[in-house]
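Engineer: model this:
(chains A and B)
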Amino acid sequence: MDTKSRFTKIIKENEGLIYKVTTLYTNSVQDRKDLYQEIVYQLWKSFDSFNEQAKLSTWMYRVALNTAIFNLKQTKRRIQTTSIDFRTEQPSEEIDKTEEERINLLYEHIQMLNLLEKGIILLYLEGKSHEEIASIVGISISNVGTKISRIREKIKSQIIKKK
Amino acid sequence: MELEEMKNTWGELSKRVEKQEIRTNQLIEKITQKNYNSKMNIIGYSEFIGTIICYLGASYILMNFTKIDEVLIQVFAGISVALLFILPVISLKSVRAMKNISISSNTYLEIINLFGRQKIRFQKLQKLNVALGLFFMLIILPVLAAIQGKSLDQIPNFWTLIFPIFVLFFLVFSWWVLKSYNKVLSATKKMLSDINN
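Structural biologist: Model prediction:
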């Protein structure tokens, strides 16, 4: 299999991963599309240097998250807390209102976090081990645990404030 | 919403994402055939075009330097040429530093810190550019007039009205720009300190 075919196969298998990163770091459909393209481009650029021995998902998450940081608009000091509108992309009959509300609430909580916490929570929700989170983010394994506890506390206080 | 609950909702979201139709094949085709323009490169193009315009302006002043008789205006012309050469170099250096960062070999935390530091440097540079740019606008007027063989005294109300208004505009605009940049700077500094604590 040539490089292009291998790359296409890997990207096709991990479209969801890239898509989820783009939804967390943008707040409009156009920005999301732009970021998606930029991530795929950065993955292609670094594909030759990607060491097959290394874990594929670690490399992909690292490139995707790092590209998202560099794609943040200069004028935006923080990403707004508006949630992603899936209605534009899903047939209306498939939308479960309660599920929609839960997803919007989830986004609201995540958008309140700072950039580092946002990356950590994304990886945590994706079911990554503390070890893998540590290697993608660049902090110690014990620090991952501490940060997740802090995030839990932060979200709790957000909920209390809202009430 | 507890973290476990968030995890379940994330699972529902993942199922939805799987149903999304993403035209990745077309995108990969475009990227691998090298006809894809990265947004990060586009920033460099505008800086590059700006540099050429500045250098053309500097060449124009240099070519017509002998037409300027007054020493003060000659000094203004010299400063203008220096600014037209230096300002784009500073901007290009900043863009190049941003481009040289490796997206794939740095960790997420390193990238956030680099991005934050670059942003602070960029904001400081922009502040300098705006201040020097406005100063340039102020001193280029008599230089251009001298090259055209006109004296500023011949322009009605130049020293009594036009020049003072220009200086006032320069001061007010600089103050406003510097104030807004300071806000962004302190927000970025706060973000970095939050992240590293």
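Engineer: The residue most central in space within chain B: which element?
Structural biologist: Using C-alpha atoms, centre = their mean, the residue of chain B that lies closest to the mean C-alpha position is B:Gln126, 5.5 Å off. Assigned by DSSP states H and E, B:Gln126 belongs to helix B:108-147.
Engineer: where does chain A have its least confident helix or strand?
Structural biologist: Ranked by mean pLDDT, DSSP states H and E, the helix or strand of chain A with the weakest confidence is helix A:97-111, at a mean of 84.
Engineer: neighbouring contacts of stretch B:189-197?
Structural biologist: Residues lying outside stretch B:189-197 but in contact with it, judged by C-beta atoms under 8 Å, 6 or more residues apart in numbering or on different chains, are A:Arg77, A:Arg78, A:Asn114, A:Leu115, A:Leu116, B:Leu109, B:Ile112, B:Asn113, B:Gly116, B:Arg117, B:Ile120. Backbone N, C-alpha and C define where each C-beta goes, glycine included.
Engineer: what's the host helix or strand of A:Thr58 in contact with?
Structural biologist: Using DSSP H and E, A:Thr58 sits in helix A:56-71. Contacts to helix A:56-71, defined as C-beta under 8 Å, 6+ apart, come from residues A:10, A:14, A:17-18, A:21-22, A:24-26, A:34-35, A:38-39, A:42-43, A:46, A:50, A:115, A:119, A:122-123, A:126, A:128, A:132, A:135-136, B:39-40, B:98, B:101, B:103-104, B:106-108, B:111-112, B:115.
Engineer: neighbours around the closest residue to chain A within chain B, how many?
Structural biologist: When C-beta to the nearest C-beta is the measure, chain B has its nearest residue to chain A at B:Thr107, with 2.6 Å between them. Neighbouring residues of B:Thr107 were enumerated by other C-beta atoms under 10 Å in any protein chain shown; the total is 18.
Engineer: Just the pLDDT for the closest residue to it other than its chain neighbours.
Structural biologist: Nearest residue to B:Thr107, sequence neighbours excluded (C-beta to C-beta, 6 or more residues apart in numbering or on different chains): A:Gly138, at 2.6 Å. For A:Gly138, the pLDDT comes out at 92.
Engineer: How about the one 5 residues further on?
Structural biologist: Among the per-residue scores, A:Asn143 holds a pLDDT of 91.
Engineer: Please apply the same query to B:Asn197.
Structural biologist: Reading off the per-residue confidence, B:Asn197 sits at a pLDDT of 69.
Engineer: ditto for B:Lys7
Structural biologist: Here the pLDDT value assigned to B:Lys7 is 86.
Engineer: which ones are touching the nearest residue to it once chain neighbours are set aside?
Structural biologist: With C-beta to C-beta, 6+ apart as the criterion, B:Lys7 has its nearest non-adjacent residue at 5.6 Å, and that residue is A:Leu125. Each residue near A:Leu125 by C-beta under 8 Å, 6+ apart is listed here: B:Met6, B:Lys7, B:Trp10.
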